[in-house]
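Undergrad: How does the following fold in three dimensions:
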Amino acid sequence: MRMGIGYDVHRLVEGRKLILGGMELDFPLGLVGHSDADVLTHALCDALLGAAGVGDIGRHFPDTDEKYKDVSSLVLLEEVGRIVRAEGFRINNADVTVILEKPRLSGLIPEMEKKLSEVLGVAPGRINVKATTNEMLGAMGRGEGIAAIAVASLGPEAVSQKERD
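TA: Below you'll find the predicted structure:
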């Protein structure tokens, strides 16, 4: 079994859409970034890439490459899933915590989990999302940004008897 940890943080600003877990949220501020700045999905990508031992999101999708400008992070996550499988792994599970004061995510989490698991091609329940506040402490607590941390577990792909022979 392999484990990986991912972390991402972005500032909140006016004039950007707020995308979390691949969903556009109704909120007056959005996250600054080269792509859609979806911190939840970025942290998940980094956890999966780390568990596979193949670097991080910046290595695979650099912010200097214009083809990733404003790209949906779900596109990046789908590619991360392919990379992980190409390395001979399957996704056991992942757990993501989003740190933000607002907006409240509790009603949206099941849809986020479903969307992320579908993109990765894993069974529902293998991707868990949680949200917490920073108790009004620091930049996250003042509502200046949103952060996310993720952990992922990978196992070896099952090899058929035919492939072993």
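
Undergrad: Confirm that residue 91 sits in a strand.
TA: Yes: assignment of residue 91 by DSSP: H, G, I helix; E, B strand; the rest coil places it within a strand.

Undergrad: So which residues of this protein form helices?
TA: Counting by DSSP state H, the segments of the chain that form helices are 39-52, 57-60, 73-86, 109-120, 138-141, 161-164.

Undergrad: Can you tell me the centre-most residue of this structure?
TA: Central residue of the chain (Cα atoms, centre = their mean): residue 41, 1.9 Å from the mean position.

Undergrad: I'd assumed residue 73 was in contact with it.
TA: Yes: Residue 41 sits in contact with residue 73 when judged by Cβ atoms under 8 Å, with a separation of 3.8 Å. Bear in mind the C-beta positions are built from the backbone N, C-alpha and C, glycine included.

Undergrad: Identify the contacts common to those two.
TA: When contacts are counted by Cβ atoms under 8 Å, 6 or more residues apart in numbering, residue 41 and residue 73 are jointly contacted by residue 22.

Undergrad: Report the helix or strand with the lowest average pLDDT across the chain.
TA: Evaluated with mean pLDDT, DSSP states H and E, the helix-and-strand set of the chain has its lowest mean pLDDT in helix 161-164, which scores a mean of 44.

Undergrad: Bridging across strands, which residues link to residue 130?
TA: Note on residue 130: beta-bridge partners residue 97, judged by DSSP bridges.

Undergrad: gap between it and residue 83?
TA: Taking Cβ to Cβ, to the nearest Å as the criterion, residue 130 is separated from residue 83 by 25 Å.

Undergrad: between those two, who's got more neighbours?
TA: For the pair residue 130 and residue 83, the greater number of neighbours falls to residue 83 (17 against 13), based on other Cβ atoms under 10 Å.

Undergrad: Looks like the more buried one contacts residue 50 (just checking).
TA: No: in this structure residue 83 lies outside contact range of residue 50 using Cβ under 8 Å: 11.7 Å.

Undergrad: Name the stretch among the helices of the chain that sits most buried.
TA: Here the criterion is mean neighbour count by mean count of other Cβ atoms under 10 Å, and of these the winner is helix 39-52, at a mean of 27.

Undergrad: How far away from the center of its chain is that helix?
TA: For helix 39-52, the separation from the chain centroid amounts to 5 Å (computed by Cα atoms, centre = their mean, to the nearest Å).

Undergrad: Who are the packing partners of it?
TA: On a contact count with 3 or more Cβ pairs under 8 Å, 6 or more residues apart in numbering; DSSP states H and E, helix 39-52 meets strand 2-13, strand 18-20, helix 57-60, helix 73-86, strand 89-99, helix 109-120, strand 145-156.
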